[in-house]
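Trainee: Sequence plus predicted model, see below.
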Amino acid sequence: MPIVAHNPLPTFAHLRAAGQQILEPDRALHQDIRELHIGLLNMMPDAALEATERQFFRLIGQSNQIAQFYVHPFTLDALPRAERAREHIRQYYQPFERIREDGLDALIITGANVTGPDLAGEPFWKPLIEVVDWAWNNVSSTLCSCLATHAVLQFRHGQRRRPLGEKRWGVFPHRVVDRAHPLVGTVNTLFDVPHSRFNEIGRDQFDAAGLPVLAESAEAGVHLAVSADGFRQVFFQGHPEYDTISLLKEYKREVKRFAAGERRDYPPFPTGYLTLQSRAILDEHAQRLRDALAAGREPPPLPEEHIVFRLDNTWHDTAEGVVGNWMGLIYQVTHSDRKLPFMDHIDPADPLGLGRRALP
């Protein structure tokens, strides 16, 4: 079943306008269907806060028809926010204390912007550890996205992310490397995933931590891995939640930074994302922009209208499949009391019965 609009969060209206089915609370109460309560720890900066909400809400709502999904967004007080974002959070987000009191069936943790090479020096470090440790003991499964994956690998497994030297940016082909795992058993064995990052956790580091890798790319590295028990933590290093235009927005932002003198080099194209014709249009725009700057004129706007309709989304269906499988597995093992992580007969050290044992 769809996501339930259990509060006035504007994301529900955006998704409804985009054609996604959103269930009103009164109607949900009259359906004899189990609820699943999913937490969304949104650590993204202000500019991406609401877009990230929509992306993950959409992915959850389109992924599986087995339950009514109640998604509970929250964030960390330690993250710096401007007043508009703080007001949005005050109106529509729940404090972690309320999340902890009520309980969750599953948790998603987004990425975040960082200011230095050592994640342990970031203001969100200790509060994030508190959330992750609580979830390990109280939530059936936690899905970590990008920077959240790097943080958990560092503080739970002692594996620090490594700088790439340049941004890994674009859409890359991936292959399923463990076809027997139920998270990927029903999805394409070859699929694309967007990436956008300056650092990575390498395959050797996942192996050293005892974390099984389920999907990886020869160009972009590991995308999908799980905790040693096979389920209680799921790690994304890419961004399967991205909208079709997300990378174009990032490219536009970097072009604006170049025009403002905030970066010295003109941004490269995201790999595997743009058609040859789109690249030609953007090359022409780059020359016009340089000419305008040299002449002291206002830089021309990016010709997005000539690019957007040429963009293809080659990752969303597989992302829905993986998240749908994740939701289905949660449904099978989580307790009907959302304060308890597992049904009474489930072994927390091997919740899917895969014969894999969790690390202490």
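Mentor: Yep, it's here. Since the structure is predicted, the reported quantities are computational estimates derived from the model, not experimental observations.
Trainee: For the chain, which segments count as strands?
Mentor: 3-4, 22-23, 35-41, 68-74, 106-109, 141-145, 162-176, 190-200, 213-217, 221-226, 233-236 (DSSP state E).
Trainee: Adding mean neighbour count, write those out as CSV.
Mentor: Every residue, glycine included, has its C-beta placed from N, CA and C. As requested, the strands of the chain are exported to CSV (neighbours: other CB atoms under 10 Å):
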stretch, mean neighbour count
strand 3-4, 24
strand 22-23, 19
strand 35-41, 23
strand 68-74, 22
strand 106-109, 26
strand 141-145, 25
strand 162-176, 17
strand 190-200, 20
strand 213-217, 22
strand 221-226, 25
strand 233-236, 25
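Trainee: So for residue 14, which of those sits nearest?
Mentor: strand 22-23 (9.9 Å; CB to CB).
Trainee: what about the closest residue to residue 128 other than its chain neighbours, neighbour count?
Mentor: Of all residues not flanking residue 128 in the chain, residue 151 sits nearest, at 5.9 Å (CB to CB, 6 or more residues apart in numbering). For residue 151, the count of nearby residues is 25 (other CB atoms under 10 Å).
Trainee: What's the separation between residue 151 and residue 204?
Mentor: Separation of residue 151 from residue 204 (CB to CB, to the nearest Å): 19 Å.
Trainee: just to revisit the earlier point, least confident of the strands of the chain, on average?
Mentor: Among the strands of the chain, strand 22-23 carries the lowest mean pLDDT, at a mean of 59.
Trainee: Any stretches of the chain with poor pLDDT?
Mentor: Counting by pLDDT under 70, the ranges of the chain that qualify are 1-7, 12, 15, 18-33, 64-65, 356-360.
Trainee: And the helices in it?
Mentor: Counting by DSSP state H, the chain has helices at residues 10-17, 25-29, 46-63, 83-92, 96-102, 125-138, 147-157, 203-208, 246-259, 276-295, 316-333.
Trainee: okay, the ones you listed, which one's buried deepest?
Mentor: Stretch with highest mean neighbour count among the helices of the chain: helix 147-157 (a mean of 22; mean count of other CB atoms under 10 Å).
Trainee: Show me what it is packed up against.
Mentor: Secondary-structure packing of helix 147-157 (3 or more CB pairs under 8 Å, 6 or more residues apart in numbering; DSSP states H and E): helix 125-138, helix 203-208, strand 233-236.
Trainee: Next up, the contacts around the residue nearest to residue 128.
Mentor: Taking CB atoms under 8 Å, 6 or more residues apart in numbering as the criterion, residue 151 is in contact with 119, 125, 128, 132, 144.
Trainee: wait, doesn't residue 124 sit right on residue 79?
Mentor: Yes: counting by CB atoms under 8 Å, residue 124 touches residue 79, with 5.6 Å between them.
Trainee: which residues are in contact with both of these two?
Mentor: 43, 112.
Trainee: ok, and the closest non-adjacent residue to residue 96?
Mentor: residue 74 (5.6 Å).
Trainee: actually residue 221, not the one I wrote
Mentor: For residue 221, ignoring the flanking residues on the chain, the nearest one in space by CB to CB, 6+ apart is residue 200 at 5.3 Å.
Trainee: surely the one you found meets residue 219?
Mentor: No: look at residue 200 against residue 219 with CB under 8 Å: they stay out of range, at 11.6 Å.
Trainee: Distance-wise, check residue 96 relative to residue 195.
Mentor: From residue 96 to residue 195 the distance is 29 Å (CB to CB).
Trainee: Next: residue 49.
Mentor: 21 Å.
Trainee: What's the local residue count around residue 123?
Mentor: Neighbours of residue 123 under the rule other CB under 10 Å: 15.
Trainee: got a list of what the closest residue to it other than its chain neighbours touches?
Mentor: In this structure, residue 123 finds its nearest non-sequential neighbour in residue 78, 4.2 Å apart by CB to CB, 6+ apart. The contact partners of residue 78, by CB under 8 Å, 6+ apart, come to 123, 124, 126, 127.
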